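In: Give me a 3D structure for the following:
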Amino acid sequence: MHLGGYCPGCGGGAGNQSCAIARCSLEHGGVPYCWECPAYPCPRYEGFDAGDSFVPHRNRQQDIDQARAIGLPAYLACLDEKRAILDTLMARFNDGRHKTLFTTAAYLLPLEDLRAALAALEGTEYAGKPLKEQALAAAALLQAAADHRELCLKLNRKPKSEE
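Out: From the prediction side, this is the model:
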């Protein structure tokens, strides 16, 4: 989620000492990714996948495995393309009601599904339609891709802690 040199989660920048993740990284030799730390997985990740924050956590291990398998540069290139697709969705198809759906879809759906949805939206069928209709079409295409893959595009709330 570190987008364009800015972390929207905490609002910090480079070396933000109020960020627990940044502090932990520095304490473990400045590792850039938790999964590169010799202590990973650590207690910080106990129950982490049980609920989502502003992005889904359910792909965390799958994403780590993919980054290791194809290499970090290729994985980051994939994320850059996903971000570019999300930027297009937000700029051209967001009517103010679909930000979470677009963001979650960009995070969870495979790149080929995102490319196909964007290609369909850029087709002549939607040209000149009101923004609300285009936004609904975008949401429907992304939801159909998610349904096909049996993915839920809703964020999971963290369960209440038992006391």
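
In: which residues touch stretch 99-108?
Out: 54-56, 58-59, 82-83, 85-86, 89-90, 93-94, 114, 117, 138-139, 142-143, 145-146, 151, 153-155 (C-beta atoms under 8 Å, 6 or more residues apart in numbering). Heads up, the C-betas are built off the backbone N, CA and C, glycines and all.

In: What about those residues, which are in helices?
Out: The helices in this structure, assigned by DSSP state H, contain 82-83, 85-86, 89-90, 93, 114, 117, 138-139, 142-143, 145-146 from the contacts of stretch 99-108.

In: Just the buried ones from these?
Out: Of the members of the ones in helices among the contacts of stretch 99-108, the ones counted as buried by neighbours, 16 or more other C-beta atoms under 10 Å, are 82, 85-86, 89, 93, 114, 117, 138-139, 142, 145-146.

In: Against Cys42, how distant is the closest residue to Lys129 other than its chain neighbours?
Out: With sequence-adjacent residues excluded and distances taken as C-beta to C-beta, 6 or more residues apart in numbering, Lys129 is closest to Ala137, at 7.6 Å. As judged by C-beta to C-beta, to the nearest Å, Ala137 and Cys42 stand 43 Å apart.

In: Which one's more surrounded, the two?
Out: Ala137 (17 against 12; other C-beta atoms under 10 Å).

In: And the pLDDT for the more buried one?
Out: At Ala137 the predicted local distance difference test score is 94.

In: Could you list which residues are in contact with it?
Out: When contacts are counted by C-beta under 8 Å, 6+ apart, Ala137 is found next to 93, 121, 126, 129.

In: and if we set it to 10 Å?
Out: 93, 117, 120-121, 125-126, 129 (C-beta atoms under 10 Å, 6 or more residues apart in numbering).

In: Looking at those, spot the one nearest Asp63.
Out: Nearest to Asp63 out of the contacts of Ala137 is Ala117 (C-beta to C-beta; 20.3 Å).

In: okay, the closest one: pLDDT?
Out: Ala117 is assigned a predicted lDDT (pLDDT) of 95.

In: Look up the closest residue to it, ignoring the ones flanking it.
Out: With C-beta to C-beta, 6+ apart, the residue lying closest to Ala117 is Leu141, at 4.2 Å.

In: Likewise for Arg68?
Out: Closest residue to Arg68 apart from its sequence neighbours, by C-beta to C-beta, 6+ apart: Trp35 at 7.7 Å.

In: Confirm that that neighbour sits in a strand.
Out: No: judged by DSSP: H, G, I helix; E, B strand; the rest coil, Trp35 forms no part of a strand; its state is helix.
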